[in-house]
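Asker: 3D, please:
(chains A and B)
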Amino acid sequence: MSAYSNSLIPARFLSLIGHMTILIIIFWSLEESSRKCLRHDQEEGDLIDQMRRMKWGVSLALAFIVIEFLGFLSGCSMFHPSYAILNIGCHGFAAIVLSLSLLQTYSCSLYWWIFVVCSALPVFIECIIIFNCLVLRKESI
Amino acid sequence: MVYNVFSIPVVYKYKAHFWSEASVLHLFLLGLNIVLPVVFLYETKDMWKKFDVYRESPSIEFQYRYLVLFESHHSNPLSCDSFNTGRYCQEFQVHESDLDRDDRADTLTVKIRTVLPASEPIYAVHVFLPIEYKITTVCWFQMEGLIMTSYTSFHPGSALEVFADLELHQKTPLPCTERDLTYNSSLLNENSKNELPKLLSEYSERNVITRLANEQFIWTKTSHNTNNSGFTSFTINMNLHYPQHEILYKTTFWQMIKWFLVQYLPVAAILFLICKRIRKFVFTNNVISTVQMIHSSKY
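Answerer: Numbers count the residues shown, from 1 in each chain, chains lettered A, B, ... in the order given. Reported below is the predicted structural model:
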């Protein structure tokens, strides 16, 4: 278990922090990033509408990360190796792609793909683990 | 002193059922290793190299035919040509030289002198010289090209000197599959003088044409002391260079596959190493449970 606790736990913590930082940066520059993705899609789409949608999406993703931090730091999901690998993969990937989307222009729909795969999927499993841990008092899924 | 006299590797095998976490991770990494390079190549835009460019010095042969139009203040231009119409230019000199000795002409010097009535001041000159243009190395393509130049001045002139490079202009890439003789038809004939719009529209509709680039003109004005014979002469001097041309062509299927593999394999190799590190970490540290077996070496 030493290799696991030496590397997987810090890696999971760092990938979560990375994803959260990028989301906060997008939240701060909401208008700019909405304008950019609308320009990529070459639509006459409403900027206010897009900003509203992005605001909801980013806020929701940040809320999901807070839930994951609760599960992680409370110890419920800290020692689930396979979940940790999934988590590192998802959040690392999301952090890389979202930081690229800040530098380049991508389609608006890309954010929602990232949201579903890299935020909603891990938080769904996290919720099951927290439920198992706190309500059913089981150690594994 | 102890030293290594023989070494033998030991192979560990990690086994798991098909419906297990280890199997999911294994298949996911395998899929990532195959798909991600394609996504990367697709996003960086030139996954399939459909066109390519190469350079060649073309084989250009002058055809010793010409059409020259002189515009004075009449609506009908004066002309001289080589098409048996009885209006030859009085002097026609051609010199082709091969400077780098590759059996292909590099420069062309054409001197045309004609005698015109002194009462006709010349304000504009149009020259049409057909050439046989051929490229042979990567693509085999032959056509009849045209050297066209025209100069208009406010002052009546008696001589025109032109310095230019011949360039190849392509609208679409050459198909480059077989010997291409699509445009190997004669452009100029004895009626061309009267059918100039037709000639120009036909020529500009072609996908591949030759034209002059980097043109420099020297126009010599008519001197006032004309002789009393009632005739004056007009001299055209053309100094043309044939530089190497960039030829754009469609690549073949195997060429496309070759460039795809050249781009795909390095990306896939780097990803393979990364995936191998992940697998090694996960399975040797028993992060995901597998059955470890020491495989007896067969060396």
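
Asker: So which residues of chain B form strands?
Answerer: B:11-15, B:51-56, B:59-62, B:67-71, B:78-81, B:91-97, B:107-117, B:122-135, B:141-170, B:208-221, B:231-241, B:245-250, B:291-295 (DSSP state E).

Asker: JSON lines for these, including mean neighbour count and mean pLDDT?
Answerer: For every residue, glycine as well, the C-beta is placed using N, CA and C. Output for the strands of chain B, formatted as JSON lines (neighbours: other C-beta atoms under 10 Å in any protein chain shown; pLDDT from 0 to 100):
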{"stretch": "strand B:11-15", "mean neighbour count": "12", "mean pLDDT": "89"}
{"stretch": "strand B:51-56", "mean neighbour count": "14", "mean pLDDT": "93"}
{"stretch": "strand B:59-62", "mean neighbour count": "17", "mean pLDDT": "93"}
{"stretch": "strand B:67-71", "mean neighbour count": "21", "mean pLDDT": "91"}
{"stretch": "strand B:78-81", "mean neighbour count": "20", "mean pLDDT": "87"}
{"stretch": "strand B:91-97", "mean neighbour count": "13", "mean pLDDT": "93"}
{"stretch": "strand B:107-117", "mean neighbour count": "17", "mean pLDDT": "92"}
{"stretch": "strand B:122-135", "mean neighbour count": "20", "mean pLDDT": "93"}
{"stretch": "strand B:141-170", "mean neighbour count": "18", "mean pLDDT": "93"}
{"stretch": "strand B:208-221", "mean neighbour count": "16", "mean pLDDT": "93"}
{"stretch": "strand B:231-241", "mean neighbour count": "18", "mean pLDDT": "92"}
{"stretch": "strand B:245-250", "mean neighbour count": "18", "mean pLDDT": "94"}
{"stretch": "strand B:291-295", "mean neighbour count": "10", "mean pLDDT": "83"}
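
Asker: Could you measure from the residue most central in space within chain A over to chain B?
Answerer: Centroid check for chain A by C-alpha atoms, centre = their mean gives A:Ser119 as the closest residue, at 3.8 Å. A:Ser119 sits 19 Å away from chain B, going by C-beta to the nearest C-beta, to the nearest Å.

Asker: about what we covered before: between the strands of chain B, which gets nearest to A:Gly18?
Answerer: Checking those against A:Gly18 by C-beta to C-beta gives strand B:11-15 as the closest, at 30.0 Å.

Asker: Also compute the angle for that closest one relative to strand B:291-295, please.
Answerer: 150 degrees (axes from the mean of the first three to the mean of the last three C-alpha atoms, to 10 degrees).

Asker: Summarise which helices and strands strand B:11-15 is packed against.
Answerer: Judged by 3 or more C-beta pairs under 8 Å, 6 or more residues apart in numbering or on different chains; DSSP states H and E, strand B:11-15 is in contact with strand B:291-295.

Asker: The strand it packs on pairs with which strands, and in what direction?
Answerer: If you go by DSSP bridges, strand B:291-295 pairs up with strand B:11-15 (antiparallel).

Asker: any idea how far the partner strand is from the chain center?
Answerer: 56 Å (C-alpha atoms, centre = their mean, to the nearest Å).

Asker: Stretch A:123-135 now?
Answerer: 17 Å.

Asker: ditto for stretch B:286-299
Answerer: Distance, stretch centre to chain centre, for stretch B:286-299: 58 Å (C-alpha atoms, centre = their mean).

Asker: likewise stretch B:62-74?
Answerer: Per C-alpha atoms, centre = their mean, the displacement of stretch B:62-74 from the mean C-alpha position of its chain is 29 Å.

Asker: contact partners of that stretch?
Answerer: Stretch B:62-74 is touched from outside by B:77-83, B:89, B:92, B:94, B:96, B:105, B:108, B:110, B:112, B:114, B:116, B:120-132, B:144, B:152, B:188, B:192-193, B:196, B:234, B:236, with contacts defined as C-beta atoms under 8 Å, 6 or more residues apart in numbering or on different chains.

Asker: for stretch B:141-148, same thing?
Answerer: If you take C-beta under 8 Å, 6+ apart as the criterion, stretch B:141-148 is touched by B:60, B:63, B:126-135, B:166, B:174, B:176, B:179-188, B:203, B:206, B:208-212, B:238, B:240.
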